[in-house]
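S.K.: everything below, folded, please.
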Amino acid sequence: MTRKRSKDVTIGFIALGCPKNVVDSERMLAHLVEAGFLIAADPSQADAVIINTCGFIEPAKVESLDAVAQAVADKRKGRVKKVIVAGCLSQRLGEHLLEEAEGVDAVVGLEHRDDIARIVRQALSAGTPTVYRDQTSPAVADDRVRLRIGPAHSAYLRISEGCDHRCSFCTIPAIRGPFRSKPVELVLEEARELVASGAVELNVIGQDTTIYGRDLKMAAGLARLLPELQKIAGLAWIRLLYAYPKGITEDLIEAIARCDKVLHYLDIPIQHAADKVLRAMRRPDTQAGLKAMIERLRTAIPDVVLRTTVIVGFPGEGDEDFAELLEFVKWAQFDALGAFTFFPETGTPAAGFPDQVPDDVKQDRLDALMLAQQEIAFTKNRARVGSRVTCLIDSVEPQGVGYGRFYGQAPDIDGVCIVTNCTAAPGGWAEGTVVGTRDYDLLVEQI
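M.R.: I've put the predicted structure just below:
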């Protein structure tokens, strides 16, 4: 039987996980298209299916394994020929993934992302499963030339890879390797490429964006990068995500305030607010330090919008510790907050800590925290009624209802602006007045 040429081979692609995984998916898709493969609209009807997985916490692992199981089921029914698993779960489990998901043909670690076209060809002709996995190298990936899977007007700009923090609950350093920054010029070249392809919003990502450049011996690296990004013609919004609290320095605050394209929005994962729990998490922060940081930000940038992430039910978290976290959240008045119950991830120190919190207690605490945050978010939304906003439009329904975001809403994770009588196209701008709220969303009437 004659083997198909690349141009006759269809690839089904399933992208899971965080924005960093989105960037990796877009880079792999570009490699596949450049190699002549066809991307199938329906992954269940392709010659080969690639699942770019997440393996950060247990729910993400379960979601990834469910997607792999579905692809293997399609293979057994004769709908697809090969199943290839890439991404963080592949890097984390390696050959053990073949045991957890029987029927997989190739396991592709992070260091082989850019070899995906060659790996597909080998998988199509091989009879036995193959594992492509190395230890994460100190090199930082070049993310230029991507086949973007999100809206053309908004993109993720990764400025670093890996992490040197040693939080006791986190698997990322083991998966993604040590922290390493992209050289400034490479970041700027990628940013220009994304803007040239239609992006007016760049969402800056990394495991910790605030320490950008430290390994390159750059002082205040992120604060120095922002003015350079600001110079890019056609770029309107620069949004900072994953900004660790200790990295919110005076230099960075000044750069955010000074650069008019840098949005007054920060995603600052605090993880907890009780000093005892922060020490157990091996976080360098204290409750007093977190309060001082938030006060400095709001003094320097009065209209700043703050998002955070916290973990409840960490080993040893008592009722008093949770009460401290809850009171801190009520004090901080975060605009948005994501919360997770603690998962004892294999290979992390916290998995073996004593005084593990029962699951039902974790859930009760999560429910109480999110109920308090809901009231904060709803109150903040109601306070915006009557104000004027500029919305970046993401989509428009045929009847003229637009869905967009003002500067205080990041893509995919925050609420949206629902714009009536919207005349702007996706990627365009709509000026409007907030006339009401719908849960976490704002109702906006275009002016």
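S.K.: and residue 331, which helix or strand is it part of?
M.R.: Taking DSSP states H and E as the definition, one finds residue 331 inside helix 319-332.
S.K.: figure out how far that helix is from the centre of its chain.
M.R.: Averaging C-alpha positions (Cα atoms, centre = their mean, to the nearest Å) puts helix 319-332 26 Å from its chain's average.
S.K.: which elements pack onto whichever helix or strand comes after that helix?
M.R.: Per DSSP H and E, the first helix or strand lying C-terminal to helix 319-332 is strand 336-341. Secondary-structure packing of strand 336-341 (3 or more Cβ pairs under 8 Å, 6 or more residues apart in numbering; DSSP states H and E): strand 305-312, helix 359-383. Glycine gets a C-beta too; all of them are placed from N, C-alpha and C.
S.K.: within the sheet, what are the partner strands of strand 336-341, with directions?
M.R.: Applying DSSP bridges, strand 336-341 is found paired with strand 305-312 (parallel).
S.K.: how about the contacts made by residue 396?
M.R.: Contacts for residue 396 were tallied using Cβ atoms under 8 Å, 6 or more residues apart in numbering; they are 402, 403, 422, 424, 425, 426.
S.K.: the helix or strand bottoming out on mean pLDDT in the chain - contacts with which helices or strands?
M.R.: Scoring the helices and strands of the chain by mean pLDDT, DSSP states H and E places helix 172-176 at the bottom, with a mean of 90. On a contact count with 3+ Cβ pairs under 8 Å, 6+ apart, helix 172-176 meets helix 88-93.
S.K.: in the helix or strand following the helix it packs on, what's buried?
M.R.: Next in sequence after helix 88-93, counting helices and strands by DSSP H and E, comes helix 96-100. The neighbour-count check on helix 96-100 (16 or more other Cβ atoms under 10 Å) flags 97, 98 as buried.
S.K.: shaky segments in the stretch 201-350 of the chain?
M.R.: Counting by pLDDT under 70, the stretch 201-350 of the chain shows no low-confidence range.
S.K.: what's the answer for the stretch 1-150 of the chain, then?
M.R.: Applying pLDDT under 70 to the stretch 1-150 of the chain flags residues 1-7, 136-138.
S.K.: please enumerate the strands of it.
M.R.: Taking DSSP state E, counting those that start in this stretch as the test, the strands found in the stretch 1-150 of the chain are 10-15, 38-39, 48-53, 82-87, 106-108, 130-132.
S.K.: please work out which of those is packed deepest.
M.R.: Among the strands of the stretch 1-150 of the chain, strand 48-53 has the highest mean neighbour count (mean count of other Cβ atoms under 10 Å), at a mean of 29.
S.K.: helices or strands up against it?
M.R.: strand 10-15, helix 19-34, helix 58-76, strand 82-87, helix 88-93, helix 116-125.
S.K.: which residue, other than its chain neighbours, is closest to residue 163?
M.R.: Leaving aside its sequence neighbours, residue 163 sits nearest to residue 207 (Cβ to Cβ, 6 or more residues apart in numbering; 3.9 Å).
S.K.: in three-state terms, label the one you found for me.
M.R.: coil (DSSP: H, G, I helix; E, B strand; the rest coil).
S.K.: what residues are up against it?
M.R.: With Cβ under 8 Å, 6+ apart, residue 207 has these contacts: 20, 160, 161, 162, 163, 165, 172, 176, 179, 242.
S.K.: among these, which one has the most neighbours?
M.R.: Neighbour tally across those (other Cβ atoms under 10 Å): the maximum, 27 neighbours, falls on residue 160.
S.K.: what separation is there between it and residue 179?
M.R.: 6 Å (Cβ to Cβ, to the nearest Å).
S.K.: cheers, nothing more for now.
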